[in-house]
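Colleague: Next one to model:
(one chain, ligands or ions: 2)
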Amino acid sequence: MVASARNGQPSEIDQPTDEPRNAQAVMTQTDPFDFVIVGATGDLTMRKLLPAFYQRFRLGQAPEGTQIIGVARSKLSSEEYRERGAKALKEFVPSDSYDAAQAEAFMELVQYASLDAADKDADWSTLKSLLDGHEDRPRVFYIATAPNLYVSTAAAFADKELISPHTRIVLEKPIGVDLASAEEINTGVGKYFSEEQIFRIDHYLGKTTVQNVLALRFANPMLERSWNSGTILSVQITAAETVGVGARGPYYDTSGALRDMVQNHLLQVLSLVAMEPPASLTAADLRDEKLKVLRALKPMSPEVVAKDTVRAQYVAGEIGGEAVDGYLTDLGDDKSTTETFLAIRTEVRTPRWFGVPFYLRTGKRLAEKATEIVITFRPQPWPIFQDAPQPGRLVLRVQPHEGVSLTLSSKDPSKDEFRLREATLDVSYPEQFHTRYPDSYEELLMDAVQGDPVLFIRRDEVQASWRWVEPILAGWKEDARALETYKAGTWGPDSSKDLLARDGSKWLEDF
Ligand SMILES: NC(=O)C1=CN([C@@H]2O[C@H](COP(=O)(O)OP(=O)(O)OC[C@H]3O[C@@H](n4cnc5c(N)ncnc54)[C@H](OP(=O)(O)O)[C@@H]3O)[C@@H](O)[C@H]2O)C=CC1
Ligand SMILES: O=C1O[C@H](COP(=O)(O)O)[C@@H](O)[C@H](O)[C@H]1O
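Modeller: Residues are numbered from 1 along each chain as shown. Ligands and ions are numbered 1, 2, ... in the order given. Okay, the predicted model is just below:
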């Protein structure tokens with residue numbers, strides 16, 4: 001994440017010529033490595049992992065001799081897999097960084113082994129021969145299959161003697177569907193890999209703008225000194241999407257917004273916003289502080305669940321002028337009661353945050369794609385101004401339009417009398433830094449190669465998240481309220497607004 005927290009030595013890498021002139025990247029140079037993706041024909045690999053590696057290849061982070069080895073059951077030759085991969089790069093790499101010749105050169109690093117990786121009795125010879133003699137290199141197994149295969153896959157790697165001290169395993173989310181299943185996975189994989197070798201990925205931690213929460217807070221004493229209940233009235237964290245469930249319906253329907261987005265991404269963002277200053281930026285210190293936040297979340301009793309959560313499912317509507325179907329049609333099942341929208345009011349029970357509501361909101365098929373953290377400041381306490389506008393707020397725009405804005409009350413210059421108006425200081429990061437905003441997977445893949453765990457989730461964080469989430473699932477089972485619906489293209493049901501209105505607040509929707 002940051003040079004001081006890395007194991008390797010940072011070094012300047014030449015920037016490709018199509019990058020803006022002042023976009024100097026400081027990248028950690030790597031030695032050749034073997035990166036095995038299990039689930040290599042799947043959506044995640046094609047849409048995210050191969051494009052992320054392509055970008056790092058362009059920046060010189062995949063030196064000659066590196067192998068990216070795709071594994072899946074589909075019977076394909078390496079050549080056929082490369083053809084698929086090349087098509088995916090063309091489709092998913094942004095056009096301003098796509099170059100056909102570089103894509104072809106990158107695909108030469110890629111090999112494919114057809115294999116049921118959860119079956120130790122399958123034919124492992126192709127994979128084994130690709131890895132033979134590379135025991136001293138960094139080796140990463142990235143498991144991009146369904147979580148119920150994680151343990152048997154790890155066991156098969158051990159059976160085939162593919163795990164060396166330089167080997168790491170990356171586990172995709174979700175880690176389980178509740179605490180017990182998460183523990184089963186963690187214990188099962190833990191039989192073959194030490195905790196230091198297990199990299200539980202949460203791609204939100206790979207977003208530069210999420211990491212920027214730490215920079216803004218801890219590198220700006222002015223902000224950090226105001227970062228408490230004395231100054232802050234409330235915190236909103238929104239991760240809104242315009243997409244529906246698409247082809248991922250079968251997975252999503254067993255998950256819903258709570259398990260898919262809140263248990264992992266939103267709770268991680270919340271912990272960065274709410275944590276105490278860590279002693280250092282090492283993985284241990286950062287994770288310790290995040291864990292304390294997760295453990296300090298207000299417990300979700302059935303009464304609290306009924307009062308402080310809103311869940312709903314999208315029905316047909318319109319997004320960007322186009323008619324879109326409802327969730328049940330997308331899924332092809334008219335009985336599902338899975339939530340595609342969720343709003344939660346919670347609190348972090350630490351002295352710093354006493355009495356400050358934290359509002360979390362996420363949903364599919366909402367009005368806009370926007371991930372934002374909104375810090376609303378308390379209004380000034382003595383009334384010398386009669387017409388004070390809304391309280392000041394700091395908005396951290398995670399995506400898109402990455403940046404930060406601070407809205408303050410100012411004297412209205414269009415009036416002679418002393419009237420106030422809102423004025424906004426706005427920084428757009430792409431404009432300020434003149435650089436490409438990397439996809440979150442890019443840094444995380446390279447961190448796994450370099451063995452830097454700082455942006456990955458420790459086992460006790462997974463436990464603490466599930467401990468908070470499980471009572472919500474249980475509370476919903478007893479909840480007499482019917483699942484609500486919302487029209488696609490809106491900001492969710494009205495009761496989500498009511499959740500904040502009770503505190504005299506409202507969601508910021510003017511993105
Ligand atoms: N897609 C996304 O945006 C995200 C996905 N994730 C997680 O990543 C993981 C993968 O997701 P996604 O790519 O969408 O899933 P897909 O269903 O698209 O892909 C699953 C992949 O696993 C392969 N596979 C299945 N069983 C085996 C096996 N026994 N041995 C080897 N390969 C196998 C499949 O290929 P084949 O049938 O040829 O074996 C396919 O390549 C899941 O855990 C998901 O929750 C997390 C965040 C986002
Ligand atoms: O992990 C997931 O995240 C995506 C949203 O990621 P983002 O980087 O585009 O904000 C979500 O669509 C998906 O359902 C979920 O599994």
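Colleague: Around ligand 2, which positions in the chain sit nearby?
Modeller: Contact residues (C-beta under 6 Å from any ligand atom) of the chain with ligand 2: 239, 241, 260, 371. (Glycine included, C-beta is placed from N, CA and C.)
Colleague: Over in this structure, which residue gets nearest ligand 2? Let me know.
Modeller: For the chain, the residue closest to ligand 2 is residue 260, as judged by C-beta to the nearest ligand atom, at 4.8 Å.
Colleague: Touching, that residue and residue 174? I think so.
Modeller: Yes. Judged on C-beta atoms under 8 Å, residue 260 makes contact with residue 174 at a distance of 7.2 Å.
Colleague: can you pull the contacts of the residue of the chain closest to ligand 2?
Modeller: The neighbours of residue 260, taking C-beta atoms under 8 Å, 6 or more residues apart in numbering as the test, are 174, 252.
Colleague: secondary structure element for residue 397?
Modeller: Following DSSP states H and E, one finds residue 397 within strand 393-399.
Colleague: So for the following helix or strand past that strand, what gets flagged as buried?
Modeller: For strand 393-399, the following helix or strand on the C-terminal side (DSSP H and E) is strand 403-411. By neighbour count with 16 or more other C-beta atoms under 10 Å, strand 403-411 contains the buried residues 403-407, 409.
Colleague: Check stretch 453-463 too.
Modeller: Across stretch 453-463, burial judged by 16+ other C-beta under 10 Å covers 453-463.
Colleague: can you map out the strands along the stretch 351-500 of the chain?
Modeller: 357-363, 370-377, 393-399, 403-411, 420-428, 484-487 (DSSP state E, counting those that start in this stretch).
Colleague: do the same with the stretch 51-200 of the chain
Modeller: Under DSSP E, counting those that start in this stretch, the stretch 51-200 of the chain gives strands at 67-72, 110-114, 139-143, 167-171, 198-200.
Colleague: how far out from the middle of the chain is the longest one?
Modeller: Right, strand 67-72. 24 Å (C-alpha atoms, centre = their mean, to the nearest Å).
Colleague: got the angle for that strand vs strand 110-114?
Modeller: 30 degrees (axes from the mean of the first three to the mean of the last three C-alpha atoms, to 10 degrees).
Colleague: Which strands or helices does strand 67-72 pack on?
Modeller: Contacts defined by 3 or more C-beta pairs under 8 Å, 6 or more residues apart in numbering; DSSP states H and E place strand 67-72 against strand 34-38, strand 110-114, helix 125-131.
Colleague: and if you look at the second one?
Modeller: Under the contact criterion of 3+ C-beta pairs under 8 Å, 6+ apart, the helices and strands touching strand 110-114 comprise strand 67-72, helix 78-92, helix 125-131.
Colleague: Now with 10 Å, please.
Modeller: Using 3 or more C-beta pairs under 10 Å, 6 or more residues apart in numbering; DSSP states H and E, the elements in contact with strand 110-114 are strand 34-38, strand 67-72, helix 78-92, helix 125-131.
Colleague: neighbouring contacts of the longest one?
Modeller: Helix 78-92 is contacted by residues 40-41, 43, 45-55, 68-72, 74, 76-77, 98-100, 102-104, 106-114, 126, 130, 439 when judged by C-beta atoms under 10 Å, 6 or more residues apart in numbering.
Colleague: Could you measure from residue 52 over to residue 435?
Modeller: Note on residue 52: its distance to residue 435, by C-beta to C-beta, to the nearest Å, is 17 Å.
Colleague: who's more crowded, those two?
Modeller: Higher neighbour count among residue 52 and residue 435: residue 52, with 23 against 16, using other C-beta atoms under 10 Å.
Colleague: That one and residue 78, how far apart?
Modeller: Separation of residue 52 from residue 78 (C-beta to C-beta): 20 Å.
Colleague: swap in residue 346?
Modeller: In terms of C-beta to C-beta, residue 346 sits 49 Å off from residue 78.
Colleague: Tell me which of those two has more neighbours.
Modeller: Neighbour comparison, residue 346 and residue 78: the larger count goes to residue 346, with 21 against 18 (by other C-beta under 10 Å).
Colleague: Could you pull up the mean pLDDT of the helix or strand encompassing that one?
Modeller: Residue 346 is part of strand 341-347, with elements assigned from DSSP H and E. On average, the pLDDT along strand 341-347 is 98.
Colleague: tell me the angle it makes with strand 357-363.
Modeller: 170 degrees.
Colleague: What is the burial count for the residue in the chain that ligand 1 sits nearest to?
Modeller: Evaluated by C-beta to the nearest ligand atom, the chain has residue 42 as its residue closest to ligand 1, separated by 2.2 Å. Number of residues near residue 42 (other C-beta under 10 Å) recorded here: 17.
Colleague: Could I get the average pLDDT for the strand holding residue 397?
Modeller: 95.
Colleague: Which residues are in contact with each of residue 260 and residue 174?
Modeller: What both residue 260 and residue 174 touch, as defined by C-beta under 10 Å, 6+ apart, is the set 251, 254.
Colleague: list the buried ones in stretch 350-364?
Modeller: 350, 352-353, 356-364.
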